[in-house]
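A.B. asks: I'll drop the sequence and a predicted model, then ask my questions.
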Amino acid sequence: MRSIITLLLGMAIVPALGAQAAKLAKAATVITPAQLHHTADSLPRGASRTAQLGGGSGYTYALTQRDSSGGVERHADWTDMFVVQSGKARILTGGTIDGGKEASPGEWRGGTIAGGTTRAIAPGDVVIVPAGTPHQMILAPGTRIAYLAFKIAREK
């Protein structure tokens, strides 16, 4: 008899807990190509433009367009991930920063990269720059690149 009561209680409690957990879960975010194109078209002209698309606990994501090379960067606590949408560039990563300055805690800007590796990137490429790695996006004159940029917090 006890096992039947336990079974009946379990059958009543488990679905209720599942329904409660479902209420707490957030819906997925879907950004369509049409929405990305609309966002890209709304960005003002300039050397580098970024539209923040969203974020959460420990991450952000944005759409970036560049018409010129970026500066040297190093983020102590953030991994950068780029998904190239259009255009082409070269990404210089690794090595050490010569002459850069800490612009804010853990964020280095400027200078040059010594001993890094350069790779060509194009549409469809996914670039992952681990936290603490110097990097620079380099564009040839007259070229453009658009990419989704995700920043993911380093685990502590």
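C.D. replies: Looks like it came in fine.
A.B. asks: Apart from its chain neighbours, what residue comes closest to the spatially most central residue of the chain?
C.D. replies: Centroid-nearest residue in the chain: Phe150, 0.4 Å away (criterion: CA atoms, centre = their mean). Take Phe150 and drop its neighbours on the chain: the residue closest to it by CB to CB, 6 or more residues apart in numbering is Met81, 4.3 Å away. Backbone N, C-alpha and C define where each C-beta goes, glycine included.
A.B. asks: Show me the helices in this structure, by range?
C.D. replies: Secondary structure of the chain (DSSP state H): helices at 2-24, 33-42.
A.B. asks: Which of these has the lowest mean pLDDT?
C.D. replies: Among those, helix 2-24 carries the lowest mean pLDDT, a mean of 52.
A.B. asks: quick revisit: list the residues that contact the residue nearest to the centre of the chain.
C.D. replies: Residues in contact with Phe150 (CB atoms under 8 Å, 6 or more residues apart in numbering) are Tyr59, Thr60, Tyr61, Asp80, Met81, Phe82, Val83.
A.B. asks: what's the spacing between it and Arg66?
C.D. replies: Per CB to CB, to the nearest Å, Phe150 is found 16 Å from Arg66.
A.B. asks: again, but for Gln136
C.D. replies: Relative to Arg66, Gln136 is positioned 11 Å away (CB to CB).
A.B. asks: Nearest spatial neighbour of Val83, chain-adjacent residues omitted?
C.D. replies: Leu148 (4.4 Å).
A.B. asks: oh, I was asking about Gly116
C.D. replies: Gly95 (3.6 Å).
A.B. asks: contacting residues around the residue nearest to Val83?
C.D. replies: Leu36, Leu53, Tyr61, Ala62, Leu63, Thr64, Phe82, Val83, Gln85.
A.B. asks: before we move on, back to that, is there a neighbour count for the residue nearest to Gly116? I'd like the number.
C.D. replies: 16 (other CB atoms under 10 Å).
A.B. asks: can you give me the strands for this protein?
C.D. replies: In the chain, the strands defined using DSSP state E lie at 48-56, 59-66, 73-75, 78-87, 89-93, 96-98, 101-104, 107-109, 112-114, 117-121, 126-129, 135-138, 145-153.
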